[in-house]
Structures are given as C-alpha cells and as structure tokens.
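# can you look at this prediction? I've put the sequence above it.
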Amino acid sequence: MNFIGKIQEMSQADILDHIPTSAYMRIKEADPHPEFRAYVIGEEGESTGKLIGVGSVVKRWARSAIQKLHEKIQFGMKAYHEHNRDNSHTGRQAVGETVGKFLREAGGKLQTILISYIYPEYRKEQLDAASIEADIELKTGPNGHDVDVLDVTGVAFGDKNKFKPGFANAGLILKLQEFEDKIKGDTKPMTKDEIKQLIASEGYRPCDLFDRNSLMQDSIVANHIEETTRKEYAKRMKAENELKEFQDTQKEAVKGVEAERDKYRSKALLSMASDILKKEVAEKNKERELISPKALKYIEKSLSTLPITDEEKLPEAVKSFVDQKMTDFIEIFGDETVKENENAGSPKQEQQQQGQNQERPYFLI
C-alpha cells in the first residue's frame, strides 16, 4: 500500500471501513491503483457561501442539519471541479464520484465526511477544498438563518488557495492509494465465517454485493420463489373451484326458483283461462244452448293442453280453443241437436218446433 498522506488524525480503517466492497471491486477492475480521498464537507456551526439568486448568506447548521446532510449524500454522486453559476451538471466534467460517507466528532462538533474516488486524469490537480451543492431551506429567525437540507446534488473540489468553501474546516483530510490488502494480500484467504462477519460488520445487504441475475439464480431464492408461486397457484385454483361451485349452486337455485315461478304462473294462467272459458260458453249459449254441459266438461278437461304463454292473448287463444274442441267433440260424439237447429229462432219457436216434431225427438248432448 502506498499511503500518500493525511491532514488530520485519522486511521486507514476510517476510510476502508466506509467503502463498500462491491464499489471497491468495481473500481479496482478498471483502475488497478485507485486513489480515494476523504473530505470534510459539513460541520456543526456556521457557514458562509452564496445562494443562487440571493448572494452571500451566513447560515447556521444545527447538529440535526449535519446529520441530514449525511443522510442525503448518495453513493455514486459526482464531484466536479469548482462550482458553475447555477450548480447544474450540464456540460461539467466530473473529477470523481462518491464511494463512502460517515459522521465523526471533531473538536466538539459533528462533521460529515465524504469519501470520493478521484479519476486518474485529475489526481495531479490541486483538489484539497470541498464545497457541497445542495437544495436547502432557510428558516429565518432573529439571530440568523437555520438550515434544513432538502437534497444534495453534488460536491465541488478545488484549490483551497483559490476556491473558498462555505465551511471553515471543509477540505481534504486524507488520501489513500493502493490498499489491495482490503481484499487480498500475503495472508491466508478469509474463511466463510470471516467473510460473513465482514459483511455483517459492513451492514451490507445481498443486493449490495450481487446483481439481480445472480440473486435470482441462487438456490435459496429460486426455491423460495418456486414454493411461493406454487402456493399462490394452489390458492388461486382453490378460489376458482370454490367460485365455480358457488356459481353452479346459484344456477341450480335459480333454475329451481324459475321452475316454481313457471309452475305457479301456469296455474294462474290456467285459472284465468277457465274463467274466460266459462264466459265464452255463457256468451255462446245466450240465445240457445249451443254448448251442452257434456261438451263443456269435455272442453274443461282438455283445457290443460292449451299452450298458455301470453296473458294478453289468452282470451283469443281460449276462443279458438273452444271452437276447435267443439269441432273435435262433434266428430267424436256427434251432435244432432246442433245439426237440426242451426237455423232455429228463439227458444219459443224451438218449443213449437219440438211440438210439431214429436215423432222425431232429439237430445242435447
């Protein structure tokens, strides 16, 4: 390992312990001799600096604001060479990226430390001052402006002799290069338990160390997904079967109700048809008896064969039915009375005619 230097009292572990192994390995693949620098970017107390559209403002940073500043820093956040007019990233060349962060106490004040990987082409630049680029909200009181951090969008590095950060103690505190023994060295390989302990101490999650495809191919994950899918499928099939059984039961119940409804409706229509039949017979027998009691009984017994579906057409249907059944009745039983008196007049004339034809008596059927 080539230890380049340090500005304040700080151990190698303070940097190494806050760089995720996955980030280090990714960088190491492209850069065999990476350089990492640790900067103070925020400190409990006051800061000066310009607000876009406002100008220079003295801002008070409470302990909670420094903690929030630390929380808002994102891994992979870019570092730029000094600020531009509006802190936008368009057209700016990044000189490094954030690979670690932590909080520490220094002189009774809480500080936010940012660790940046410096790209090889910018390592000869004088980058010993650091200034954040952030969206903040000021709560103005009688004694100044209290800061609330909404977001941190980037960080700017520069020459401390030319580039003045808002925090008095902001700037470079340590450089490290070529610390290959973080992963391997002359010592024996780490055991599985040691690797687990290291991962646990770093607070890594599986997704911090492996990509999605690797995690999905893991036997524990694959078996869990398969088992979960199987259970969900079984639940769905059970629910579908229960729904089908319920629907079938409902259909049968509806059929039963409809059958009962049709049964009672048929009875009601048949009763109405019987009433209409009696009226029809009475109307036909008003002048003389054309339909005898015997014929009426025959028709009434046949009434159940009348197809009844439309209540409005029932009178017409009954009338046609009576005519048809009388025709059937005459064909079966005969009706001399009807034949001999088709042109008869009133009941009185019929009685006179009967007296004249005593030698040819006839009977109503």
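In hand now; what should we look at? Given the structure is predicted, the values throughout are model-derived calculations rather than measurements.
# doesn't Leu296 make contact with Phe329?
No - in this structure Phe329 lies outside contact range of Leu296 using C-beta atoms under 8 Å: 9.7 Å. C-beta coordinates here come from the backbone N, C-alpha and C atoms, glycine included.
# mind listing what Gly45 touches?
Arg60, Trp61, Lys109, Phe167, Ala168 (C-beta atoms under 8 Å, 6 or more residues apart in numbering).
# without its sequence neighbours, what residue ends up closest to Ile291?
Nearest non-adjacent residue to Ile291, counting by C-beta to C-beta, 6 or more residues apart in numbering: Val281, 5.0 Å away.
# burial measure for the one you found, as a count.
For Val281, the tally of surrounding residues (other C-beta atoms under 10 Å) stands at 21.
# with Asp328 instead?
Neighbour count for Asp328, taken as other C-beta under 10 Å: 13.
# now Ile225
Neighbour number of Ile225 under other C-beta under 10 Å is 11.
# distance of it relative to Gln217?
Ile225 is 11 Å from Gln217, where distance means C-beta to C-beta, to the nearest Å.
# one more: His224?
Distance from His224 to Gln217, by C-beta to C-beta: 13 Å.
# next one: Ser292
Distance from Ser292 to Gln217, by C-beta to C-beta: 97 Å.
# Lys139 is in contact with Ser64, isn't it?
No - using C-beta under 8 Å, Lys139 makes no contact with Ser64, being 11.9 Å away.
# of the two, who's got more company?
Legend: neighbour count by other C-beta under 10 Å for Lys139 and Ser64, higher for Ser64 (14 against 10).
# list the buried residues in whichever strand or helix holds that one.
Using DSSP states H and E, Ser64 maps to helix 63-72. Neighbour counts over helix 63-72 (16 or more other C-beta atoms under 10 Å) mark Ala65, Ile66, Gln67, Lys68, Leu69, His70, Lys72 as buried.
# got the contact list for the last one?
In other words, Lys72. When contacts are counted by C-beta under 8 Å, 6+ apart, Lys72 touches Ala134, Val149, Leu150, Asp151, Val152.
# next one: the first one
If a contact means C-beta under 8 Å, 6+ apart, then Ala65 has Asp146, Val147, Asp148, Val149 as its contacts.
# neighbours of Leu16, how many?
17.
# and it, how far is that from Lys101?
14 Å.
# so which of the contacts of Gly45 are in strands?
Under the assignment DSSP state E, the contacts of Gly45 contribute Arg60, Trp61, Lys109 to strands.
# which of those has the most neighbours?
Busiest of those [other C-beta under 10 Å] is Trp61, holding 24 neighbours.
# host element of the residue lying closest to that one once chain neighbours are set aside?
For Trp61, ignoring the flanking residues on the chain, the nearest one in space by C-beta to C-beta, 6+ apart is Val147 at 5.3 Å. Element membership for Val147 (DSSP H and E) is strand 144-158.
# next helix or strand past that strand?
strand 171-177.
# ok, that following strand: who's next to it in the sheet?
strand 2-6 (antiparallel), strand 35-43 (antiparallel) (DSSP bridges).
# tell me the SS of Val257?
With DSSP: H, G, I helix; E, B strand; the rest coil as the basis, the three-state label of Val257 is helix.
# quick one: it from Gln250, how far?
On the measure of C-beta to C-beta, Val257 and Gln250 end up 10 Å apart.
# Ser266 too?
24 Å.
# of these two, who's got more company?
Remark: of Ser266 and Gln250, Ser266 carries more neighbours, 13 against 10, as counted by other C-beta under 10 Å.
# about what we covered before: and the next helix or strand after the helix holding Ser64, how far out from the chain's middle?
Remark: after helix 63-72, the chain's next helix or strand is strand 78-81, criterion DSSP H and E. Per C-alpha atoms, centre = their mean, to the nearest Å, the displacement of strand 78-81 from the mean C-alpha position of its chain is 40 Å.
# chain center to the following helix or strand past strand 78-81: distance?
Next along the chain after strand 78-81, taking DSSP H and E as the criterion, comes strand 94-106. Centroid separation for strand 94-106 versus its chain: 38 Å, with C-alpha atoms, centre = their mean.
# quick one: buried residues of strand 94-106?
The neighbour-count check on strand 94-106 (16+ other C-beta under 10 Å) flags Val95, Gly96, Glu97, Thr98, Val99, Gly100, Lys101, Ala106 as buried.
# direction included, what does the strand holding Val147 pair against?
strand 59-61 (parallel), strand 78-81 (parallel), strand 129-141 (antiparallel).
# skipping adjacent residues, who's closest to Ile276 in space?
Closest to Ile276 by C-beta to C-beta, 6+ apart is Val318, at 4.4 Å.
# how many other residues sit next to that neighbour?
23.
# which SSE is it in?
Per DSSP H and E: Val318 is located in helix 314-333.
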